[in-house]
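J.: With the sequence up front, the predicted model follows.
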Amino acid sequence: MSFKIPDASVWVILGAQWGDEGKGKIVDLLSEDADIVVRYQGGANAGHTVSFDGKTYVLHLLPSGIFHKNVVCVIGNGVVLDPSALLEEINIIKNAGIDIKGRLLISHNAHLIMPYHKLLDKLYEQGEEKIGTTGKGIGPAYMDKYARTGIKVADLLNKDTLCKKIKKNIESKNEILEKIYHTEKLDVEKILNDYLDFAEKISEYITDTAIYLNKAISDGKKILLEGAQGALLDVDHGTYPYVTSSNPTAGGASTGSGIPPTKINGVIGVIKAYTTRVGEGPFPTELKNEIGEYIRERGAEYGATTGRPRRCGWLDIVSLRYSIMINGIEKLALTKLDVLDELDEIKICTAYKINGNITERFPTDPDTLSKVEPVYETFKGWREKISNVNSYCDLPDEAKQFIEAIESLTNTKISIISVGADRKQTIFK
């Protein structure tokens, strides 16, 4: 592996588009050279796919370094944790022969997803103005967090506190469910018993991860901070309101882990060779034609968490430059280049046209973004299979021209190129 994490350093690995960029594979690759991997935001709405030795695993909460036996995996305070989803994932990993003893830590400050969060998430999506959420309760859990009514992982360790908070919250949620949505009330005793059971099963993993991580930095450990979703879905910097409920951007790595920004050494942005988006919201380069269908089928562009088909379009440099700017991205990892193997022509959006005027600015407000017209630069396709190529110099000239155009247009080096799902199908540049 030619790209190594520098000693005693902290690197953020995040999605630079609308999510689903292949972060799981890139984090897994770089974890070979890491000591600790931290998930810093999101929840079980994430689907990070890792493939090796003919097997494929989809992680929703566990950091993507879990398959490397010497890596400690941390679920940070910025994550909203669904205990049932976590336990299911732990069982899958254990059944695959992966030992996690002493290798999984959960922040005591992370907030819990409760059954009423998932129920309300689905009810909210039945309204006229849909966001396109996964229905995993992420938004409602963050709502309670900021309303200061959330239940923390630490509460699992105190039965009296847990019981008091659950009963109080369910009382208020039942009022909403019964009077506004006309649904059945939630069973307080069942939920309480379920979470007391969760407490027994995950208490061994719970700790103050901020203290652990900052000591690890002092000890010279190599740390990867793994983001979920993508920068353009950031609740502050994304295409609001068609966004996630947390901060996938680099700033969220500090608040979601307890690692100060002065200790972060670099940011790697993961991008696809094209663009996809799941759910609602404007998408300037979306291809509602046979090429878009081809990319979807060839790239298996279906949600790892929900199975929903992803909207597909050409690579958008305007949004990418914006993402590079707000995240301080220094290196790019380019994934799914092989998906474009059979195309005669490949396009890159280099600018937008708004009301007849050319602009390179990315407007995050959906009204403006929905009206932009992409300005394209066309590249000749390479028309040959590249999934077995393991050296940059062996790529077709047309593929190298495409890659170098992205570097030139973004003024950012592409250090990693993925030409297939497996770990081995990777080129380090």
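T.: All right, it came through fine. Residues are numbered from 1 along each chain as shown.
J.: From here on, just use CA atoms for contacts and neighbour counts.
T.: Will do.
J.: Next, please give the residue ranges for the helices of the stretch 101-250 of the chain.
T.: Chain-ordered helices for the stretch 101-250 of the chain, with DSSP state H, counting those that start in this stretch as the definition, fall at 115-124, 138-146, 159-179, 188-202, 209-218, 250-255.
J.: For the second one, the averaged confidence score.
T.: Per-residue confidence for helix 138-146 averages out to 94 on the pLDDT scale.
J.: which secondary structure elements does it contact?
T.: Using 3 or more C-alpha pairs under 8 Å, 6 or more residues apart in numbering; DSSP states H and E as the contact criterion, the elements in contact with helix 138-146 are strand 80-81, strand 111-112, helix 115-124.
J.: got the contact list for the second one?
T.: It stands for strand 111-112. For strand 111-112, contacts defined as C-alpha atoms under 8 Å, 6 or more residues apart in numbering pick out 77-83, 141, 145, 150-153.
J.: Output those residues as a markdown table; include the columns distance to residue 10 and neighbour count.
T.: Converted to a markdown table, these look like this (distance: C-alpha to C-alpha, whole Å; neighbours: other C-alpha atoms under 10 Å):
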| residue | distance to residue 10 | neighbour count |
| --- | --- | --- |
| 77 | 17 | 26 |
| 78 | 17 | 25 |
| 79 | 19 | 27 |
| 80 | 23 | 30 |
| 81 | 24 | 28 |
| 82 | 27 | 23 |
| 83 | 28 | 22 |
| 141 | 28 | 29 |
| 145 | 27 | 17 |
| 150 | 30 | 21 |
| 151 | 30 | 22 |
| 152 | 26 | 21 |
| 153 | 25 | 26 |
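J.: Among those, give me the pair with the biggest separation.
T.: Using C-alpha to C-alpha, those reach their maximum pairwise distance at 83 and 145, which is 16.5 Å.
J.: and residue 71, how many neighbours does it have?
T.: Applying the criterion other C-alpha atoms under 10 Å, we find 24 residues in the vicinity of residue 71.
J.: Residue 31 versus the nearest residue to residue 69 once chain neighbours are set aside, what's the distance?
T.: The spatial neighbour of residue 69 that comes closest, neighbours along the chain excluded (C-alpha to C-alpha, 6 or more residues apart in numbering), is residue 99 at 7.3 Å. Residue 99 is 16 Å from residue 31, where distance means C-alpha to C-alpha, to the nearest Å.
J.: So between the two, which is more surrounded?
T.: More neighbours surround residue 31 than the other of residue 99 and residue 31, with 26 against 16 (other C-alpha under 10 Å).
J.: hang on, isn't that one packed against residue 71?
T.: Yes. Checked against C-alpha atoms under 8 Å, the pair residue 31 and residue 71 is within contact range at 7.2 Å.
J.: list residues touching both of the two?
T.: The contact sets of residue 31 and residue 71 overlap at 37, 65 (C-alpha under 8 Å, 6+ apart).
J.: Doesn't the residue nearest to residue 69 lie inside a strand?
T.: No. Membership of residue 99 in a strand is not supported by DSSP: H, G, I helix; E, B strand; the rest coil, which gives coil.
J.: Next one: it from residue 340, what distance?
T.: Residue 99 sits 38 Å away from residue 340, taking C-alpha to C-alpha as the criterion.
J.: What ranges does the stretch 301-429 of the chain have for its strands?
T.: Along the stretch 301-429 of the chain, the stretches classed as strands by DSSP state E, counting those that start in this stretch are 311-313, 315-316, 331-335, 345-354, 357-359, 373-380, 413-418, 426-428.
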